[in-house]
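Undergrad: with the sequence up front, the predicted model follows.
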Amino acid sequence: MSEVKIAASLRSEFGKGAARKIRREGQVPGVLYGHGSDPVHLTLPGHELTMALRTPNVLLSLDIDGKGQELAIPKAAQRDPLKGFLEHVDLLLVKRGEKVTVEVPVVAEGELAAGGNLLEHVLNTLSVEAEATHLPEAVTVSVEGLEAGASVTAGDITLPSGISLVTEADAVVLQVLAAQAEEPAAEGADDEAAEA
């Protein structure tokens, strides 16, 4: 996983008015916390941060003026419900070699057995523990040839080396549902309608 470098500045003004002003300038207010240290209030560049957050569990290398370099991962991002722009971001301070627990998206690949069966994602993400500098972007699961009634549990999924499962091993992640049988049309009703 690559690091995304972002320049950040310390924030001294707080409250709704200050946050609105920051957003009008195309920036995003944020808080960096972790390791028992006091939270650090930051202002981050909006466009760069939005692009970085497109990658799940991205590792951010923050160049904070007056504080130096810090590594962080996104913990929570609040977006405007209508327009979708970032309103605020919470970042978790991490160190190289440190293990962290994150949610990783599950991606299914392959074709199900013939028959029009449906694949249901019971869990869209898995909780895993990994080194902060080696977080996976996603976990891929093969569903090639699975029949109706088959399921894949968290324990069935092969994780990359150095990554351990936090989600319960018997939790169902994917399951194959049988295709719904179409009910045949009542033939007698059609015949009667045609005669009338």
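TA: Yep, it's here. Residues are numbered from 1 along each chain as shown.
Undergrad: tell me how far the nearest residue to A76 once chain neighbours are set aside lies from L32.
TA: Spatial nearest neighbour of A76, chain neighbours left out: D90 (4.3 Å); criterion: Cβ to Cβ, 6 or more residues apart in numbering. No exception for glycine: its C-beta is placed from N, CA and C like everyone else's. Distance of D90 to L32, given as Cβ to Cβ, to the nearest Å: 8 Å.
Undergrad: again with V40
TA: Taken as Cβ to Cβ, the span from V40 to L32 is 4 Å.
Undergrad: overlap in contacts, those two.
TA: Listed as contacting both V40 and L32 by Cβ atoms under 8 Å, 6 or more residues apart in numbering are I64.
Undergrad: which of these two has more residues huddled nearby?
TA: L32 (25 against 20; other Cβ atoms under 10 Å).
Undergrad: beta partners of the more buried one?
TA: Under DSSP bridges, the beta-bridge partners of L32 are V40, L91.
Undergrad: what's near enough to touch it?
TA: When contacts are counted by Cβ under 8 Å, 6+ apart, L32 touches P39, V40, L42, L62, I64, E70, A72, L91, L92, L93.
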